[in-house]
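Q: have a look at this fold, sequence not included:
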């Protein structure tokens with residue numbers, strides 16, 4: 001039976017035929033049309049199903065029934081398309097472009113269990129626009145498939161997908177663009193939902209399915225995706241979440257994502273695990289997380305079980321926050337943040353490896369990063385480490401990837417005895433003297449580091465381990481001698497620093513480590529120490545004093561000197577960045593008291609610190625303790641710099657002083673070379689904002705802005721990025 005071209009049905013119509021072709025007919029009234037035979041029937045198309053019509057089209061034969069291979073069809077009425085074939089397909093919009101569904105269409109792939117070959121294919125190739133309502137029912141192990149071979153289906157914002165009758169088989173949603181509002185899908189039994197490739201959701205979307213596959217979908221609005229079945233589902237990947245993603249697993253099977261291609265989460269991601277099934281975001285491939293991660297876990301979830309990494313690479317502050325009784329396990333986690341940090345609002349565990357490519361992880365005593373047994377890390381640096389406590393579980397030696405204030409400074413332990421042992425370490429870029437007085441120490445300790453210390457605790461277990469501490473010339477400086485460096489530990493029982501010796505060193509005096517001479521049995525604060533031995537100088541005193549000209553007199557004395565090349569006086573505001581004030585030659589060798597002095601003509605305003613660096617002829621060096629100075633500027637004169645750091649456009653100085661006051665302003669580099677200089681008479685009631693545009697491009701680094709008058713002399717640092 002061939003209907004069309006040019007055929008019009010204005011009355012009800014019923015037909016049954018072994019072969020059936022729709023080649024350009026118009027249906028204005030109700031009808032029932034059925035194909036019963038073998039052979040594939042490929043219709044040319046060009047049919048119009050009017051809004052006044054109700055039509056039932058059924059395939060109960062063994063051959064395929066195919067619509068719209070050349071010309072588009074328009075479904076404006078109520079149409080029910082049933083596939084009751086034992087082994088055939090129905091194909092809609094199969095190759096033609098411009099097909100339309102503006103009415104109500106039901107696609108029903110059987111009402112009882114069916115063989116796997118019975119299926120419905122919609123817009124396999126070609127194009128289809130849906131502004132009406134469709135319903136999808138499937139009973140059988142095959143399913144209903146959209147856009148398998150590149151056909152494009154568009155759902156407008158007036159379209160509607162009604163109640164689902166999916167209890168088995170697959171709904172494949174490929175190359176679909178959906179502007180439909182309030183998509184809510186629920187699939188039951190053993191049904192499977194496959195989203196992508198080429199699918200775009202521009203409106204809110206919610207789907208629950210026993211099996212769920214994300215194979216290349218883009219989500220531009222709120223979405224909720226839930227798996228509730230018993231089998232493991234491996235998704236291809238290539239999904240993009242531009243809005244908040246809500247992914248849930250309430251089944252016992254695992255949801256394994258990004259098997260072939262990376263997924264990208266541009267907004268926050270929420271993972272909810274209500275049963276024993278895993279949610280693995282990065283099953284095989286690395287995935288990109290650019291915003292916050294929220295975890296609602298009744299049971300643990302593990303990512304990267306087949307080699308993938310969860311990569312945090314957003315351009316702002318990111319967080320990991322967990323509710324529920326279980327902690328997440330990241331088999332592989334990668335930090336790749338050029339801006340902002342990753343804050344842990346909950347504990348996390350590293351199963352295999354943490355790759356510190358770029359960016360800081362901020363942890364706390366309750367929300368820490370734990371490394372499981374046999375796990376490790378790589379690429380730790382000043383720009384990428386953990387700022388806060390790190391715990392290690394297991395019986396393997398471990399270097400803690402800890403730092404503070406942009407300075408990576410590890411502490412390490414030898415292998416504990418048991419896989420259940422837990423040790424927790426943290427680095428502090430601060431002088432330990434305030435909390436643990438350096439004056440209280442055993443006789444064999446000459447001095448302790450005034451720059452930094454570590455806290456290492458035995459959190460669980462009874463194992464004793466050797467402890468290694470580190471130094472770095474670019475952080476707190478090097479050490480004077482590998483022979484005399486050692487490890488000291490504060491005993492809370494004795495309120496005294498104990499000497500744990502030098503069991504061996506690595507590296508050089510500029511960058512290296514020292515290990516305790518024996519296993520440590522008690523754990524608490526640790527610091528680098530120096531021991532009795534030949535010292536390059538015997539420093540009697542080092543003093544900094546503010547004089548009446550608001551400059552700083554710097555004086556020091558030595559009782560003896562051995563191989564002493566020169567002294568360098570340095571100053572700092574925050575204890576992190578030190579700037580050279582001046583360099584004075586040493587005496588080389590001396591057994592008599594020698595006095596030295598220099599002057600800082602441009603001290604920092606407010607509280608600052610000075611230290612003395614002594615350097616030998618062979619390049620070894622050591623530091624004195626810090627000497628504080630407070631410079632309070634006149635109440636009648638202040639100045640501020642903005643923007644600071646400098647953003648590459650204008651430098652602005654906000655200056656408050658006396659009307660008519662003559663000041664000189666100069667910009668100098670870290671070596672004291674003058675870059676900009678000008679004089680200014682203050683007006684505007686003494687309040688002035690001066691703008692400077694550098695004539696040359698300032699290279700990245702630290703510069704000083706100096707303001708002089710007969711009464712004041714103030715210097716402030718300017719950071720150029």
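A: Thanks, I have the structure now. Computed from a predicted model, the values in this text were never measured in an experiment.

Q: only C-alpha atoms for contact and neighbour calcs from this point on.
A: OK.

Q: list the contacts of residue 30.
A: Residue 30 makes contact with 11, 12, 13, 53, 54, 55, according to Cα atoms under 8 Å, 6 or more residues apart in numbering.

Q: please name the nearest non-neighbouring residue to the first one.
A: If I follow you right, that is residue 11. Leaving out its chain neighbours, the residue that sits closest to residue 11 by Cα to Cα, 6 or more residues apart in numbering is residue 29, at 5.2 Å.

Q: could you do the third one as well?
A: The spatial neighbour of residue 13 that comes closest, neighbours along the chain excluded (Cα to Cα, 6+ apart), is residue 31 at 4.4 Å.

Q: how many other residues sit next to the one you found?
A: 18 (other Cα atoms under 10 Å).

Q: could you do the one 5 residues further on as well?
A: By the measure other Cα under 10 Å, the count of residues near residue 36 is 18.

Q: now the residue nearest the centre of the chain. Nearest residue, chain neighbours left out?
A: The centroid of the chain falls nearest to residue 312 when counting by Cα atoms, centre = their mean (2.1 Å). Nearest residue to residue 312, sequence neighbours excluded (Cα to Cα, 6+ apart): residue 289, at 4.9 Å.

Q: rewinding a little: my guess is the residue nearest to residue 11 meets residue 8, correct?
A: No - assessed by Cα atoms under 8 Å, residue 29 is found out of contact with residue 8, at 9.7 Å.

Q: neighbour-wise, which of these two wins?
A: Counted by other Cα under 10 Å, residue 29 and residue 8 do not tie: residue 29 has more neighbours, with 19 against 16.

Q: ok, now which ones touch the more buried one?
A: Residue 29 touches 9, 10, 11, 12, 13, 50, 52, 53, 54, 55, counting by Cα under 8 Å, 6+ apart.

Q: what does residue 14 give?
A: 31, 32, 33.

Q: who does the least confident helix or strand in the chain by mean pLDDT pair up with?
A: Across the helices and strands of the chain, mean confidence by mean pLDDT, DSSP states H and E is lowest for strand 687-692: a mean of 72. Using DSSP bridges, the strands paired with strand 687-692 are strand 651-656 (antiparallel).

Q: any idea of the mean pLDDT in the strand it pairs with?
A: Taken as a whole, strand 651-656 has a mean pLDDT of 79.

Q: cool, stretch 371-382 as well?
A: Averaged across stretch 371-382, pLDDT comes to 97.

Q: please apply the same query to stretch 266-279.
A: 96.

Q: please apply the same query to stretch 83-101.
A: Across stretch 83-101, the average pLDDT comes to 95.

Q: ends of it, what's the gap?
A: Using Cα to Cα, to the nearest Å, the end-to-end distance of stretch 83-101 comes to 19 Å.

Q: correct me if wrong: residue 294 contacts residue 271.
A: Yes - counting by Cα under 8 Å, residue 294 touches residue 271, with 6.3 Å between them.

Q: now do the helices in the stretch 401-550 of the chain.
A: Assigned by DSSP state H, counting those that start in this stretch, the stretch 401-550 of the chain shows no helices.

Q: what about it, any weak spots by pLDDT?
A: 480, 531-536 (pLDDT under 70).

Q: repeat that with 50
A: 533-535 (pLDDT under 50).

Q: how about the strands in it?
A: Ranges of strands in the stretch 401-550 of the chain, per DSSP state E, counting those that start in this stretch, are 403-404, 407-408, 411-413, 422-428, 445-448, 453-460, 467-472, 485-491, 496-499, 505-507, 511-515, 525-531, 537-546.

Q: can you list contacts of the third one?
A: Judged by Cα under 8 Å, 6+ apart, the contacts made with strand 411-413 from elsewhere in the structure are 397-402, 425, 427, 454, 465-470.

Q: any idea how far the strand ranked longest in the chain is from the middle of the chain?
A: Assignment by DSSP state E gives strand 552-572 as the longest strand of the chain. Distance, stretch centre to chain centre, for strand 552-572: 46 Å (Cα atoms, centre = their mean, to the nearest Å).

Q: now do the buried residues in it.
A: For strand 552-572, the neighbour count (16 or more other Cα atoms under 10 Å) marks 552, 554-558, 560-572 as buried.

Q: list the neighbouring strands of that strand plus their orientation.
A: strand 537-546 (antiparallel), strand 578-590 (antiparallel), strand 594-600 (antiparallel), strand 606-616 (antiparallel).
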